[in-house]
Structure formats: structure tokens, C-alpha cells
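Student: Give me coordinates for this.
(one chain, ligands or ions: 1)
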Amino acid sequence: MLGRFRHVRLWDRQLPIWYDAEYRLPLTAFGKRTGLEPRRADLVAWYLLEWRWITRDNLRAPARARYQDLARVHSEEYLESLTQREPLARIFGVDPWDVPVDELMRTVRLGCGGTLAAAREALRRHGAAVNLMGGFHHAGPAHGSGLCAVNDIAVAVLALREDGFAGQVAMLDLDAHPPDGTAACLRADPRVWIGSLSGSSSGSIAGVDETVLPPRAGDESYLSALDALLARMPQPEFAVVLAGGDVLDGDHLGHLGLSLDGARQRDLRVARALLGIPAVWLPGGGYHEDAWKVLAGTLIALLRHSRRPIRPGSDPMAARFARLSTRLAGAGLVRRVQEIDLSDIEVDLRIKPGPKTLLLGAYTAESVEFALYRFGLLTFLERRGYGQFRVEFGTGTAGGERVAVFGRSEGAEHLLVDGVVERLSVGGEDMLYVHWLSLRDPRARFSDRRPRLPGQDVPGLGLAREVTELLVLLAARRGLAGLAYSPAWFHTAYVARSRFRFLDPLQQGRFEALVRDLGHRPLALVSQALADGRVQMDGEPYAWKADLMVYRPAGEPDDREVVEAERDRVAFTLADEAGGSQEGDPPGPRGV
Ligand SMILES: [Zn+2]
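Tutor: Here you go, the predicted model:
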């Protein structure tokens, strides 16, 4: 063994990585509730590209898995059921009307195709290959659950068998949940060993070497259980590693309590144990805002065998959007005088006459639509069933400039994005002030799963992060110090809290206390309670005020002491605390 280690490099810069922008599920309802980040694959690919762990040459595009491949694992009745809304809605924990069947199955089959292609490539190169989606280990031969519609792992193994590969397979399922579906799908194959390390058990699963760790086991006991599992693993000729992201401490659905470094050590130990062995690595679950960092860490372990942490405070989407914006600006200046683009330079230099109305004195309606296309928002809207987009400018009722984006669906035109912005002086600096921003999915409906938030007339689009990023860029391009707005509701402040803070440090302190004291409750419930005056601060009724929140890319003012003193001084409670029926979250998906 030692001899082999001496000759095989621990790092692998040519690591092939399967990825597609359409790995993002075309669903809008569940992210907030489960902590599932639908952009995980994007964030990981962008992080690795942006900080030069990989180049574009590492990325491979998947093809949709063929029905022939799926049918080796799943019954035809079951596969046929996946062409209907209701079964898919049950598997993904959303309402049936919320399921765009074709687009959802496109994502499912792309993810499965990625795992299959990665498996073949791993065998060909006698090393590792990664798919940034997959590990759907709850899908069985004739049923799906927990976000798993088809079992990509079993589909890949049975396709390799069909290709003629007869060797020993090892399945290392290191997701926080046990591999019930995979075990059921591969029961008949005597040369498949399944080892599982999880934090919850649904009863022992036949044919699985299963270790169930106690809640919040932590790094040390997890890693020693892993070492024991690796010691029991039969020497494989092909391996699948489900490097679950839901092992992280604070995960909504996993309870193992690992640190990011603990998860990285897991991956380094497995990578070393599988050195020179064909192995497919898959992300599995992950229901924590940092779950993408586990997956990025898995890739760093494979690419460089490194324990270097993910850069603190790094935001791959911000980095990605800023880069695109810079590139577009350059292209606009040099080559695209006659074309539409994001650039305001043409107008400023009067290369061509500006149209009658320009947003913020610079942007045409065409440039707004082009930006929405270029940053991926129109593609997502198309997957949600909208098309024939139109951007219109106007005036806000209380001042400011209005931007409206319309899209057509089923013969009618719908308002999808409605925003009012203005250049204003805030706290002594020129900022882009957002009077109003509404991201609307008018064809969606409210339900128990998707409760109406105060102020909403239709459900949201799930694109707030992207649109905020665009506004940040817009402000920067106009030379403004940042963004400002006045959240009329608690939930609009809550979703922006990672970047925005209240201008008034006392208000910021109270807001942080609110999140601390009531943040574990459903967002809609807390926001409604604040709107109704049913929240108390230190026993007295507390009214939500739409105070100014700001985001300054240049940094925050130095007032943490004031913020923390106020945060620690006050305590919030729900006035009708006794109402037991309001406890708990609405029904949601179980998770991968
Ligand atoms: Zn899981």
C-alpha cells in the first residue's frame, strides 16, 4: 500500500466536474423553510472558478439520463407517474400546481445523467469524478421521497454493469440520512457493498453496514466512526461517495453537528482511502446556508488535498455578477456601439442619442432586459412558464422611477417584477434608494406549505438574492455608496439581513434580538404577529417600524458596541404564546 501511495499524487487538478445551470430546481416555494439552497451547484462552481481552484476545462455538461437507463432501476409504472404533477409534488414537498413537470424532470434527469457520465469517466481515468448534483438515495424501485425522484446512484451502477463492468462496488453513504432507497434498488447485486454513517435511523436496512451516531456527535466521534467504516470496506474497483452536506452543525434536517473543517477531514480521509480507485463523488443533502461550503470543500479536498478553509465572508454570487458586469462594460465600450448592453457609457459620451426615458439617467429598457437575460433570471422565469418579456419604465406614486417587467403565460400578460428606485442622500451619502420591490409569481398560489406573507398579493419568485445583486451593481455603476430601503415588514428585513443593516444602531440591536428570540418560528407567523402588534418587547407591545436599512459595499460603520448593548438589553416574546396550534413549521419535504 505504501508503495502505491508514493507513486500516486494526492491532488488531481484535472478533476472532471459535472455541472449545469439547470441543476437549479425550477421550484420557488421551499428554500426558505428547509434551508435548502437551490443555487448550491452554481455557488460551488462560481466559488471554485472565481478563486481559481478550477478552470472551465474542469467542467463537463451533463446530458439527461435516458429512460432506458432509468428503467433498469425503476418500474415503468413509477416512471410514468413522474410525468404527472401530484407524485412529483409529494416527492419535492410542494403543492401540485407549483410543479412545472417538464422542467422539474429535466433537472432530475440532468442530475442523474451527470452521475452516470461521471461514473463512466471515473472508470476510464481510474480516479475521481464529481457531479454537483445527485445522491438521491431515498428513491426506491417504485417510489420516491425526500427530494429524490430517481436513484441516480443505482442508475449509474446498473449502467456500468450493462457496459460490462463486473467488479466490486463500494457505496460510502456519508449523508446524514440512511440510504434506504439505494439499498432497495441494488439488493440483487452481490458485488455491491453499502456502508452508511448517519445521524438518524429509520430502522436497520437490510444489506447496509450502518453506523448511526447520536445527535450532535461532532467531529471527533464522527471521524473515528468513519475510520472504522473505511477499515471494514471491501477493497473496491469502483466507489460512490455520498459526501452529504447535511452533516454540518445547525443543519435543518441533519443532526450530526460537524464543523466545516470536520467535513473536510471526512473528505480527505475518504479521498486517501480511495486513491487510485475510480470513484464518483456526489453532494447529497444540505439544509444550511453554509451547505455549499461543504461541497466546495469536498472539491478542494479532491483537487489539492487541502484543508484550507473557504474564504470567510466570500459570496460567490456577488463575485460572479461583478465579473460579468465588468466584462459586459468592456465589451460595450469597445465593440458593441450598435448593440444593447449594460453599459451607460454610450449615452454618457453621446455616441448615440438616448431614448426618451432612461432609468437613472442611463439605462434603456432593452439594457434592463438584457441584464435580466445575461444574469440568468429570464431563463429561470421561462422554466417557471413565462415568456415574451417586456420591460416598461414609469414613475412611482410616491416619487422615484418605476421599472416593471412583464411576462406572458397561457395567453395573458403578468407583472413579474415591480420596482421603484431613486437616487437619494441617506446618512450623508448618495445611495440607490429602493422605494418598492416586488418579485411576483402570479400563477402560483398560497397554501399551508406556502403561507401568505404580510403585504404579498401573490407568492414570490425566489429571485430576491439575484435582483439585490443586480441593484448593488447598478448602484456601483452609478457611483453610489450603496443601497437603502425601508422594510415595511419583518420578513423583508429578515431575508436581507446578511448584507443590510439598520442605519440606526439601536434599531439594528432590536432587530438582532428579534431574530435571536423569534427566529426559530415560521417567518410568516413572526412577520404577521409583528404587523398585528402581537409581539412584545420586555413585556410591552412592540410595533414594527419601517426604519432605513442600508448596504454599503465599502463596509459598516463602527457601532457594534451600541448594537450589541441594545441587542443584549431587550427580549422579545409573542403576546399569544399560549396558542399551541401555531407551533411548528407547515408540512415540508423530508430532504435527501
Ligand atoms: Zn440527507
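
Student: dump the residue contacts of the residue in the stretch 451-592 of the chain positioned nearest to the ion.
Tutor: Nearest to the ion in the stretch 451-592 of the chain, going by Cβ to the ion, is Val592, at a distance of 4.7 Å. C-beta coordinates here come from the backbone N, C-alpha and C atoms, glycine included. Residues near Val592 by Cβ atoms under 8 Å, 6 or more residues apart in numbering: 135-138, 146-148, 175, 177, 244, 246, 284-286.

Student: and if you look at Pro316?
Tutor: Asp42, Leu43, Val44, Trp46, Tyr47, Glu50, Trp292.

Student: ok so the second one is a helix residue?
Tutor: Yes - using DSSP: H, G, I helix; E, B strand; the rest coil, the secondary structure at Leu43 is a helix.

Student: That one and Trp292 touch, don't they?
Tutor: Yes - Leu43 is within contact range of Trp292, at 4.2 Å (criterion: Cβ atoms under 8 Å).

Student: ok, back up a step: now for the contacts of Pro316: which two are most distant?
Tutor: For those, the maximum inter-member distance is 12.9 Å, found between Glu50 and Trp292 (Cβ to Cβ).

Student: if we can go back for a sec, what residues do Leu43 and Trp292 have in common as contacts?
Tutor: The contact lists of Leu43 and Trp292 share Glu37, Pro316, where a contact means Cβ under 8 Å, 6+ apart.

Student: Please identify which of the two sits among more neighbours.
Tutor: More crowded of Leu43 and Trp292, by other Cβ atoms under 10 Å: Trp292, with 25 against 21.

Student: Roughly how far does the more buried one sit from Tyr78?
Tutor: Separation of Trp292 from Tyr78 (Cβ to Cβ, to the nearest Å): 31 Å.

Student: and what of Gly387?
Tutor: 32 Å.

Student: Report the mean per-residue pLDDT for stretch 435-444.
Tutor: For stretch 435-444, the mean pLDDT works out to 92.

Student: Show me what residue of the chain gets nearest to the ion.
Tutor: Counting by Cβ to the ion, the chain gets nearest the ion through Gly285, at 3.0 Å.

Student: Can you name the helix or strand that that residue falls in?
Tutor: If you go by DSSP states H and E, Gly285 is not part of any helix or strand.

Student: Could you pull up the residues touching the closest residue to Val108 other than its chain neighbours?
Tutor: Sequence neighbours aside, Ala149 is the residue nearest to Val108 in space, at 4.9 Å (criterion: Cβ to Cβ, 6 or more residues apart in numbering). Residues in contact with Ala149 (Cβ under 8 Å, 6+ apart) are Leu82, Leu88, Ile91, Phe92, Met105, Val108, Phe136, Ala139.

Student: Go again with 6 Å.
Tutor: Leu82, Ile91, Val108 (Cβ atoms under 6 Å, 6 or more residues apart in numbering).

Student: The residues you listed, buried ones only, as a ChimeraX selection?
Tutor: Typed into ChimeraX, the next command selects the buried ones out of these (criterion: 16 or more other Cβ atoms under 10 Å):
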select :82,91,108
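
Student: circling back: closest one of the contacts of Val592 to Leu359?
Tutor: Gly286 (37.5 Å).

Student: With adjacent residues omitted, what lies nearest to the closest one?
Tutor: When the adjacent residues along the chain are set aside, Gly286 lies closest to Gly245, with 2.7 Å between them (Cβ to Cβ, 6+ apart).

Student: got it, and Asp246?
Tutor: Gly254 (3.3 Å).

Student: just checking, the one you found touches Ala176?
Tutor: Yes - assessed by Cβ atoms under 6 Å, Gly254 is found in contact with Ala176 at 3.0 Å.

Student: who touches both of these two?
Tutor: Gly199, Asp246, Val247.

Student: For Asn130, give me its contacts.
Tutor: Small correction: residue 130 is Val, not Asn. By Cβ under 6 Å, 6+ apart, the neighbours of Val130 are Ile17, Trp281.

Student: and Val241, that's in a strand?
Tutor: Yes - under three-state DSSP, Val241 sits within a strand.

Student: related to what we said a few turns ago, using TSV, lay out the contacts of Val592 together with secondary structure, pLDDT and neighbour count.
Tutor: Listed next are these as TSV, based on DSSP: H, G, I helix; E, B strand; the rest coil; pLDDT from 0 to 100; neighbours: other Cβ atoms under 10 Å:
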residue	secondary structure	pLDDT	neighbour count
Gly135	coil	98	31
Phe136	coil	98	30
His137	coil	97	32
His138	coil	96	27
Gly146	coil	91	20
Leu147	coil	93	22
Cys148	strand	97	29
Asp175	coil	97	28
His177	coil	95	25
Gly244	coil	97	33
Asp246	helix	96	28
Gly284	coil	96	30
Gly285	coil	95	30
Gly286	coil	95	31
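
Student: Can you tell me which of the residues you listed comes closest to Gly479?
Tutor: Closest to Gly479, out of all of the contacts of Val592 and judged by Cβ to Cβ, is Gly286, at 38.6 Å.

Student: circling back to that earlier point, the residue nearest to Gly286 against Tyr287, yeah?
Tutor: No - judged on Cβ under 6 Å, Gly245 makes no contact with Tyr287 at a distance of 8.1 Å.

Student: between those two, who's got more neighbours?
Tutor: Gly245 (30 against 23).

Student: and of the contacts of Ala149, the nearest to Pro309?
Tutor: Val108 (32.5 Å).

Student: On the three-state scheme, the closest one is what?
Tutor: Assignment for Val108 (three-state DSSP): helix.

Student: Residues of the protein that sit close to the ion?
Tutor: Contacts of the chain with the ion, taken as Cβ under 5 Å from the ion, map to Asp175, Ala176, His177, Asp246, Gly285, Val592.

Student: Swap in 8 Å and give it another go.
Tutor: 137, 146, 175-177, 198, 244, 246, 253-254, 284-286, 591-592 (Cβ under 8 Å from the ion).

Student: thinking again about what came up before, distance to Gly539 and pLDDT added to the contacts of Ala149, as TSV?
Tutor: Conversion of those to TSV gives the following (distance: Cβ to Cβ, whole Å; pLDDT from 0 to 100):
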residue	distance to Gly539	pLDDT
Leu82	53	97
Ile91	45	95
Val108	51	98
